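Turn this into a structure:
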Amino acid sequence: MMRNSAERYGAVAQLLHWLVMVLIVVQFVLGKLAEWAGERGGPAGLMEQFALLTRHKSFGITILTLAVVRLVWRAISPPPALPDAMARTERMLAKSVHWMFYVLLLFMPLTGWLMSSAANFPTSYFGLFTLPDVVGPDDGLKETFEAVHHLGADALLLLVVLHVAATLKHHFWDGDNVLLRMLPFTTLRGAGRPEERR
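As a prediction, the model looks like this:
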């Protein structure tokens, strides 16, 4: 099933969700490794930092592209509704977190691109092509975008923790299908013939 149904996410939404999740983890790892390489200093450390940040930028542009694709797919194939048993405040919180994810998935690559442009470093996409600079070299802007980028990373990490915690709570405490409907090759709770659900 490619499209979303009323009960679960389809293959396209599942693929996009898990691919973005893996890339977010990769981005945090690359960012931390680049930070440590820069702290070591010296020519070798700086060269390693440059190589890591180059990959970080490429994956960031990939996430930006996938976020746009996810939004388009969401408009084409609406997601399944939240469980009926969820309280109104819980529904509002879930929707807010979901949309904040989209904002940050667009915001983080864009601020990184702006930071790179202001630092006068090209943003190459896996060596295939170079994105145009969106601002001119400016040390003040570079520091501003860097601070905003790091603040966004902290916010994204917090959202990931909240999202995972809420998903586990739904699965193990509430016993609903919130987690299962995003997993491939799983059977939803309560699925099957009516006599099997008694």
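
Determine how far the last residue of stretch 6-14 lies from the first.
Stretch 6-14 has an end-to-end distance of 15 Å (C-alpha to C-alpha, to the nearest Å).

in that stretch, what's buried?
In terms of neighbour count (16 or more other C-beta atoms under 10 Å), stretch 6-14 has its buried residues at 8-10, 12-14. C-beta: built from backbone N, CA, C; applies to glycine.

Could you list every helix and strand in contact with the helix or strand hosting L93?
According to DSSP states H and E, L93 maps onto helix 88-118. Here helix 88-118 touches helix 42-76, strand 123-125, helix 139-168, going by 3 or more C-beta pairs under 8 Å, 6 or more residues apart in numbering; DSSP states H and E.

Just the buried residues of stretch 6-14: which are in helices?
Using DSSP state H, the subset of the buried residues of stretch 6-14 located in helices is 12-14.

residue contacts, A94?
Contact analysis of A94 by C-beta atoms under 8 Å, 6 or more residues apart in numbering lists 82, 86, 166.

how many neighbours does the last one have?
What that stands for is A166. 17 (other C-beta atoms under 10 Å).

quick one: low-confidence ranges for this structure?
Scanning the chain with the threshold set as pLDDT under 70 gives 191-198.

D176 is nearest to which of the helices and strands packed on helix 88-118?
Closest of these to D176 is helix 139-168, at 10.4 Å (criterion: C-beta to C-beta).

can you give me the angle that closest one makes with helix 88-118?
Computed with axes from the mean of the first three to the mean of the last three C-alpha atoms, to 10 degrees, the direction of helix 139-168 lies at 150 degrees from that of helix 88-118.

what comes up buried for helix 139-168?
Neighbour counts over helix 139-168 (16+ other C-beta under 10 Å) mark 141-142, 145-146, 148-149, 152-153, 156, 159-160, 163, 166 as buried.

what about L188, distance to P109?
Distance of L188 to P109, computed by C-beta to C-beta, to the nearest Å: 34 Å.

Settle it for me: which of those two has more neighbours?
The residue with more neighbours, out of L188 and P109, is P109; 23 against 13, by other C-beta under 10 Å.

The more buried one - nearest residue in space that isn't next to it in sequence?
The shortest distance from P109 to any non-neighbouring residue, by C-beta to C-beta, 6 or more residues apart in numbering, is to L64 (3.7 Å).

Quick check: the one you found touching F107?
No: between L64 and F107 there is no contact under C-beta atoms under 8 Å: 9.5 Å.

Reformat the helices and strands packed on helix 88-118 as a markdown table; add distance to M21.
Output for those, formatted as a markdown table (distance: least, C-beta to C-beta, whole Å):
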| stretch | distance to M21 |
| --- | --- |
| helix 42-76 | 10 |
| strand 123-125 | 21 |
| helix 139-168 | 8 |
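
Which stretch among the ones you listed approaches D133 most closely?
Closest to D133 of those is strand 123-125 (C-beta to C-beta; 7.9 Å).
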